[in-house]
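K.L.:
Here is a sequence with its predicted model. Questions after.
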Amino acid sequence: MSLGRLAATFGVEFRHSFRRPLFIFLAVILLLNAWGLSSGKMSISSGDSEVGGMKAWITSEFAQTQMMTFIILLYYGLFIAAAAGLTLLRDRETKVDVLLHSTPLTAGEYVWGRFLAVTGGFVVLMVFQMAANAFFNHIVPNASAQEIRGPFAPMNYLVPVLTMGLPFLVFFAGLSMFVGERTRNPVLVFLLPIAVLVGCGFFLWTWAPSWLDPRVNKLLQFLEPAGYRWLNETHLKVDRGVEFYNKHAVPYDMLFWLNRAWLLLLGFGAVLLTQRSVARSLRGAVASKRDARTAAAEARTGPIAWDEAHAGAALSGLGMKGSAPGFVSSIASVARCELRELVRQAGLYMFVPIILIQVLGNSLLAVGAFDTPLLLTPGTSAVAIASQASGWVLLLLLFYTVESLERERSTGLSQILYATPCSTAAILWGKAIANSFVAVVILAASFLASAIALLAQHTVPISLAPYALIWGLLLVPTFLAWTAFVTAVYAWVGNRYAAYSVALCALVYTGFRAVTGQISWAGNWLLWGPRTLRWSDLGFFETDRAALVWNRIMVLGLSALFAALAVRLFARRGTDAVRTMHRLAPRPLAVSAFRLAPFALVPLVAWTVLVFQVQNGIEEGAAKKARKDYWAKNLKTWLNAPLPDIARADVAVKVDPPRHWLSSQGAFTLVNSLDSTIAEIPLTGGLDWNHLAWTLDGKPYKPDDRCYLYVFTPPHPLAKGDSVVIGWKWDGRMPKGVTKNGGNTDEFVLPSGVVLTGFSSSFLPVLGFMEDVGETKDNKTEARRYPRDYWKGITRGGYGATAWFPARIAVTGPAEYTLNAVGVCTSNTVTNGWRTQVWETDHPVKILNIVCGKWKVKQGHGTTIYYNAAHPYNVAEMSTTLDAARRWYSEWYMPYPWRELKLSEFPALAGYAQGFGTNITFSENIGFLTKNDEKTDATFLVTAHEAAHQWWGNILTPANGPNGDFLSEGMAHFSTLLLSEKVKGPRGRMAFAKGIESRYVDRRRVDDERPMYDIDGKRESDETVIYDRGGWVFWMLYDFMGHDRALAGVQHFIRTWSESRDHPALQDFVATMRPYAADAAAYDAFVKQWFEDRAMPEYRITEAKKVKEGSGYDVTVTIQNTGTGRMPVEVAAAVGERWAKNASYREARGVATIGGGESKTLTIHCPFAPKQVVVDPDVRILQLRRKQAVATL
Amino acid sequence: MLETRGLVKVYPGPVTALNGIDLDVPPGMFGLLGPNGAGKTTFMKILAGLLEPTSGTVTLDGADILDHPETLWPRLGYLPQEFGFYPHLTGEAMLDHLLTLKGIQAPGGRAKLVRDLLERVNLSFAAKRPVKGYSGGMRQRLGIAQALAGNPRLIIVDEPTAGLDPEERLRFYHLLSELATDRIVILSTHIVEDVAVLCPRFAVIRAGRLLAVTAPSDARASIAGHIFEGTVLVEDLRKLRAERMVTQALLVEGKNRARIYDPSATPPDGFVPAPVTLEDAYLVLMRLGALPARGKRGPSAAPGDEPGSASHAASVLAAAASEAAR
């Protein structure tokens, strides 16, 4: 190899790199990126989210490394693939390779020179990027991001370039160059980084279920090219605290270096293979056996001998006639040719399986409440595939459309083809139809795979209708519009790279707006968004159907507009600059615009309608302003205003689901139970109420309307014991209009079902001011800080009424509906096709609700399940669970006070379940469409949890203040653990306990987490603390106190507080339970570390060995608690598989109490030969990294 | 009749590729000669409706084909200078595709027509092979087949014989001649011999300007009696070039066999009158910027005959040569 020639090759390409538009474009992006990120948009998810709290620095080595892992894949992957993958192809296209290879330049010098030049250019760019980061972080720092900047340390910026960036560049440049050289297909070169990005984004970066074998996890870390999985799984997933991230260098381990070595090896290896391929082609080697056969056949035959007579036969003798080519036949011919090219694209065969795996993987692994797996139905599967496959198909359509349009130029056919009388529209349509084959193949394959998955599930039957409806309505217009748009863009810019850039920018911009919630139906041509499409088997897109239809009309109109633009702009002949300038004069431009106006009319009208619909919908415009006005006008006056109790509620509600309409008439009897007088009574009304009329003590009354807060002033202030009756009457639509961009609709009156709750003023007024209504991110304040003794004295309830009240609810609706409400049904009559059911409470309640639907009924023992006929799969399990819950919770806590316990299904327009007294509501995808397997009975878990809320939430309403939610959600999880052990045995309880432990470990944030006493639900990680840690800690307390003592304390607690006007906090619970503890000091120690502090043990076996001792073995094991907290923990030496049916499992146990930072050695005698040691074999202690607390002997 | 008036094409730069071309092309073969970069291909692309001129008009049988090229394309057969095909299609499929897009039919159906056309260009043997396996000549013949197909009123062929062996070149000449009887066939080439063989009239373009429109016989006649041939030593050729207008110089056995144009008909010693070829006329035209009028020693009136122009420079050169001869 000549260094001189190598240097010459390198120099030419290296200098060219900096003049390449894509390179300059990337540099600009990185510069803007550095500027944007200096505001802290991307940082380690650690630290204290409280205002003024310790934050993770964006300047730390950890932050820069994490950022680098994202940016190399997002930006560098695509750009270096284009540069390296096309560098040799470009020489072939320009035919300069023939000249180069006629010089002494060897294949090695040529390939390595190009590779080093491309890679070197990007290394320079990477250094530039980090310099820009440092510049924007330290030289011209963002003023609003002061708390997330640390001191300048050059190595924080340089190390990620060397460890993360450089190996990735080598890997990607080498691989792309090889793909380009071997396939000579630009599409594959462009698709390679997209495939890696999607593979990482949807799988390698995110897929790490709790049951994943650590060895598989390590293998995936080894394989993942960006390094993020390794960083996340090793250092970020289990939060190590902001101090660590801010001040420590990233501690690289052997697995990381192996991963980097693998990347380098693959990159350089690909370059060597490229060199070999180039060398072979220089020697004239044929690429394949098929080419060899063709060459051989050509050698056998040849041109026939010159035949003067034949050659002289007149062309006129052929009788050729020319006429205008048919439009359809032209389209067919173009499509046929394009298809022949398409089916030869290796990308089609490569990417279709990848797309299928990704799409199906995600839809099959979809999870619902408490991360329980969901049962696949044709509708949910079609929506999931539509959401995920559309991105893929759009990218493939982009690449294949642009390459298809570029084909005539790249093959040299353009002059011949464009000089034919075939119309431009026919050429473009033919290409579009051929390229749509890609979408057809992917959707057909998706359907096939989805059908197989449904068959394998053996539960839900296949139905074609949802696929036809969803894919036909949602995907086809999008694909048409996108293809037309890409064609129009290409026709406009006339250049492959510019077309890619413009189209990708449009895609990324739309995606960004969708993800950040800025987009509405009027702009969401892709129908992207985290919750844009909510599928329900019970009704097709009922909330936003009008918006959806208009959106599709708009997109179809855009398809026509872009198609017209494409035909008009597509340059079959080279334009002249002077004439182009003349065409841009106002008059010709106006004429052109006028000609296109008919095409713009449909999308413009549809867009206008959508803007109007959204602005007048339930989330934007007038509704948004009304909520903000409500908040701003009333917060300071009415937030903590004294309120009377509801002594009785009488409500008559009529619902007309087909019209989305309801009316309400009723009255609250309000009584002052406070010592002070009440002069004014505020009631929150609904935004959608029409024909509203109020009464006070039976007489018409006009309250003070303070932006939907209606303030009543009785003739005389209410003294203690005084009462007043406030009545109302109104009607309206629910929901009144469409959402902004799909998503949840919590309460509704729709043909598929009716859900109305007393949490909001959906069917009756809410007593008092509602703090959360009208609060947006603009006016959001930090949560109120409570003193730790806030719970002393009388504390308000977290929700619902302060005192129990009786109620009578009459619900009228179409006869085919069942109309459920709280209480007992005392009357059920049908008149003129309208059913009226009257519900009266046999025991008072604190909050009301109504749920209606067309149901079948499953009767249990004191329980009833109301379910849709299409969802019978889990009903039997839900019914037995509800029976068990009612029986055991009644026995453990207190007898169930109401006669009936109903559980009703509603459409999945919202994904919640709520446990109102006697009347539980379940979204269809909670429980009804939960998938159970051998390990986890998810239906049981969600039903047991929601049933527990009859006690923990209804019978006992927790306080409105910090830690109150532990007594509803934490106790519901605790109840589920108890019921699991009772019904499913220890194995069931242990599986659920491991599941919620894993969820907690994954989601907690060390610096942001406060002791359970101080959790108020306002911080990001509070939810997992309330549900998962809360459930665990209550169970450990139960385990620590013993069954009888613990349940006696719980019974005392619920009995005491369910009747009280005061509402309990966690401290009340702890105080009530204390007398029942056998060892008060030990109880206090337990409370101190788990409730007052943030104990979190992390056990690690540092040494384990077995020694033969007599007929058995002595196992000596050293365990270290690298976490915090001191708990007695069991250690088992065992052999065999514990839960296997026929295995001979044996174990021996010991117990060690190990405090945080301590290490203890334990000897366990086994009368058998043990194979492994397990810390906490019965899953009794909440801990971090349970998997490392196992050792093989 | 194809007519162009005031055709101007300026590329960004600016580079003037065509600078006011006025040309009438009657039915029959018509040659277009010019050196590399003269503007021939630009001119052909404009005529084929594939390039927009900066100004000027082009009409075919009175119809404007610049503003409405779509009216031209059904009547056009076009073979560009550089072209390719879809590599994976067979020759047969490729031709069939193009015939479909041109709307061409024949009594026996299009499939038969495709076979017949491939036979006419001697490609039957490769009809089923992918075009990517074709040699340069085979590709050229496939291009010729599509250009000649149908019943085009105007056929434009740009450097059509590039890559063809002599036998195929001859076959192509026959095909073109046959078609030219009732059509306009424009043959752009820099091979003067092709024009001499095929075209009753031709035009010469240089630097975007039309230098001459004439017949080969007229071109030859304009310099008849002024071409002389002789042998000079290699070292004397430079001196000869300075003194005379050398049209051609070939090395034969170590000496230069040179042909000179001498308007005064006073050749140097050893030079004898030689039969005039069209190449001589073309080269004289290139040097003088115009052909001499018959019976005159100086150039005939031609566009741009003013001081500083090419023809003016040629006149000066001719005068200088005469002076040197005296």
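P.N.:
Cool, the structure landed. The shown structure was predicted, so the numbers you read here are calculated from the model rather than taken from an experiment.

K.L.:
Show the contacting residues for residue 72.
P.N.:
In the absence of a named chain, this looks at chain A. Residues near residue A:72 by C-beta atoms under 8 Å, 6 or more residues apart in numbering or on different chains: A:164-165, A:168-169, A:226. For every residue, glycine as well, the C-beta is placed using N, CA and C.

K.L.:
Please refer instead to chain B.
P.N.:
B:48-49, B:60, B:65, B:154.

K.L.:
any idea which of these is closest to residue A:681?
P.N.:
Nearest to residue A:681 among the contacts of residue B:72, counting by C-beta to C-beta, is residue B:49 at 83.5 Å.

K.L.:
Please identify which pair of the contacts of residue B:72 lies farthest apart.
P.N.:
B:48 and B:60 (11.1 Å).

K.L.:
Under the pLDDT cut-off, which ranges of the chain? List them.
P.N.:
No chain in the question, so chain A it is. A:39-54, A:210-211, A:283-314, A:346-347, A:350-351, A:358-360, A:362-365, A:367-371, A:934-935, A:1142-1143 (pLDDT under 70).

K.L.:
that's the other chain; I wanted chain B
P.N.:
In chain B, residues with pLDDT under 70: B:294-326.

K.L.:
any chance you could map the helices in it?
P.N.:
All helices of chain B, identified by DSSP state H, fall at B:40-47, B:69-72, B:91-102, B:110-120, B:136-148, B:166-179, B:192-198, B:216-222, B:237-243, B:278-288, B:310-325.

K.L.:
still on that earlier bit, in CSV: the contacts of residue B:72, plus distance to chain A.
P.N.:
As requested, the contacts of residue B:72 are exported to CSV (distance: C-beta to the nearest C-beta, whole Å):
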residue, distance to chain A
B:48, 5
B:49, 6
B:60, 14
B:65, 11
B:154, 11
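
K.L.:
Take those residues and keep only those in strands.
P.N.:
B:60, B:154 (DSSP state E).

K.L.:
most neighbours, which of the contacts of residue B:72?
P.N.:
residue B:48 (26 neighbours; other C-beta atoms under 10 Å in any protein chain shown).

K.L.:
from memory that residue sits against residue B:75, does it?
P.N.:
No - in this structure residue B:48 lies outside contact range of residue B:75 using C-beta atoms under 8 Å: 11.3 Å.

K.L.:
which residues touch the closest residue to residue A:858 other than its chain neighbours?
P.N.:
Distance criterion C-beta to C-beta, 6 or more residues apart in numbering or on different chains; nearest residue to residue A:858, sequence neighbours excluded, is residue A:865 at 4.1 Å. Contact analysis of residue A:865 by C-beta under 8 Å, 6+ apart lists A:857-858, A:875, A:878-879, A:882, A:903-904.

K.L.:
again, only using 7 Å
P.N.:
A:858, A:875, A:878-879, A:882, A:903 (C-beta atoms under 7 Å, 6 or more residues apart in numbering or on different chains).

K.L.:
Please convert the residues you listed to JSON lines, extending it with secondary structure and neighbour count.
P.N.:
Output for those, formatted as JSON lines (DSSP: H, G, I helix; E, B strand; the rest coil; neighbours: other C-beta atoms under 10 Å in any protein chain shown):
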{"residue": "A:858", "secondary structure": "strand", "neighbour count": "17"}
{"residue": "A:875", "secondary structure": "helix", "neighbour count": "21"}
{"residue": "A:878", "secondary structure": "helix", "neighbour count": "28"}
{"residue": "A:879", "secondary structure": "helix", "neighbour count": "20"}
{"residue": "A:882", "secondary structure": "helix", "neighbour count": "27"}
{"residue": "A:903", "secondary structure": "strand", "neighbour count": "29"}
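
K.L.:
how about those residues in a markdown table, adding distance to residue A:655?
P.N.:
Below are the contacts of residue A:865 laid out as a markdown table (distance: C-beta to C-beta, whole Å):
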| residue | distance to residue A:655 |
| --- | --- |
| A:858 | 24 |
| A:875 | 25 |
| A:878 | 25 |
| A:879 | 27 |
| A:882 | 26 |
| A:903 | 20 |
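
K.L.:
ok, so of these, who is nearest residue A:196?
P.N.:
residue A:878 (43.1 Å).

K.L.:
how near is that closest one to chain B?
P.N.:
According to C-beta to the nearest C-beta, to the nearest Å, residue A:878 and chain B sit 59 Å apart.

K.L.:
hang on, that residue packs against residue A:939?
P.N.:
Yes - contact criterion C-beta atoms under 7 Å: residue A:878 and residue A:939 qualify, at 5.9 Å.

K.L.:
intersection of neighbour lists for those two?
P.N.:
Contacts common to residue A:878 and residue A:939, judged by C-beta under 7 Å, 6+ apart, are residue A:927.

K.L.:
and the stretch 101-250 of chain B, which of its residues are near chain A?
P.N.:
Contact residues, the stretch 101-250 of chain B versus chain A (C-beta under 7 Å from any C-beta of the partner chain): B:101-107, B:113, B:116, B:120, B:122, B:124-125, B:129, B:133, B:146, B:148-152, B:167, B:171, B:174-175, B:178-179.

K.L.:
Of these, just the buried ones, ChimeraX syntax please.
P.N.:
Buried residues within those, by 16 or more other C-beta atoms under 10 Å in any protein chain shown, are selected in ChimeraX with:
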select /B:101,102,103,104,105,106,113,116,120,122,124,125,129,133,146,148,149,150,151,152,171,175,179
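
K.L.:
still on that earlier bit, within its sheet, name the partner strands of whichever helix or strand the residue nearest to residue A:858 is part of and how each one runs.
P.N.:
Using DSSP states H and E, residue A:865 maps to strand A:863-867. Strand A:863-867 sits in its sheet next to strand A:856-859 (antiparallel), strand A:901-906 (parallel), going by DSSP bridges.

K.L.:
tell me the most buried of these?
P.N.:
strand A:901-906 (a mean of 26; mean count of other C-beta atoms under 10 Å in any protein chain shown).

K.L.:
Tell me the helix or strand right after that strand.
P.N.:
Scanning onward from strand A:901-906 (DSSP H and E), the first element met is strand A:913-916.

K.L.:
Run through the neighbouring helices and strands of that following strand.
P.N.:
The contact analysis (3 or more C-beta pairs under 7 Å, 6 or more residues apart in numbering or on different chains; DSSP states H and E) places strand A:913-916 against strand A:919-923, helix A:938-948.

K.L.:
pretty sure residue A:965 is in a strand, no?
P.N.:
No - read with DSSP: H, G, I helix; E, B strand; the rest coil, residue A:965 is helix and lies in no strand.

K.L.:
Provide the backbone phi and psi angles at residue A:808.
P.N.:
Residue A:808 adopts backbone torsions of phi -130, psi 120, taken as degrees, to the nearest 10.

K.L.:
Surely it touches residue A:837?
P.N.:
No - at 11.5 Å, residue A:808 does not count as touching residue A:837 under the criterion of C-beta under 7 Å.

K.L.:
Neighbour count for the two, which is higher?
P.N.:
residue A:837 (22 against 17).

K.L.:
secondary structure class for that one?
P.N.:
strand.

K.L.:
That one and residue A:823, how far apart?
P.N.:
10 Å (C-beta to C-beta, to the nearest Å).

K.L.:
which residues does residue A:797 bridge with?
P.N.:
In this entry, residue A:797 is beta-bridged to residue A:959, by DSSP bridges.

K.L.:
can you pull the contacts of it?
P.N.:
So, once contact is read as C-beta under 7 Å, 6+ apart, residue A:797 ends up touching A:957, A:959-960, A:1063.

K.L.:
Over to residue A:451?
P.N.:
Contacts of residue A:451 by C-beta under 7 Å, 6+ apart are residue A:462.

K.L.:
Could you say which helix or strand holds it?
P.N.:
Element membership for residue A:451 (DSSP H and E) is helix A:424-457.

K.L.:
Ignoring the adjacent residues along the chain, who's closest to the closest residue to chain B within chain A?
P.N.:
Residue of chain A nearest chain B, by C-beta to the nearest C-beta: residue A:412 (2.9 Å). Spatial nearest neighbour of residue A:412, chain neighbours left out: residue B:84 (2.9 Å); criterion: C-beta to C-beta, 6+ apart.
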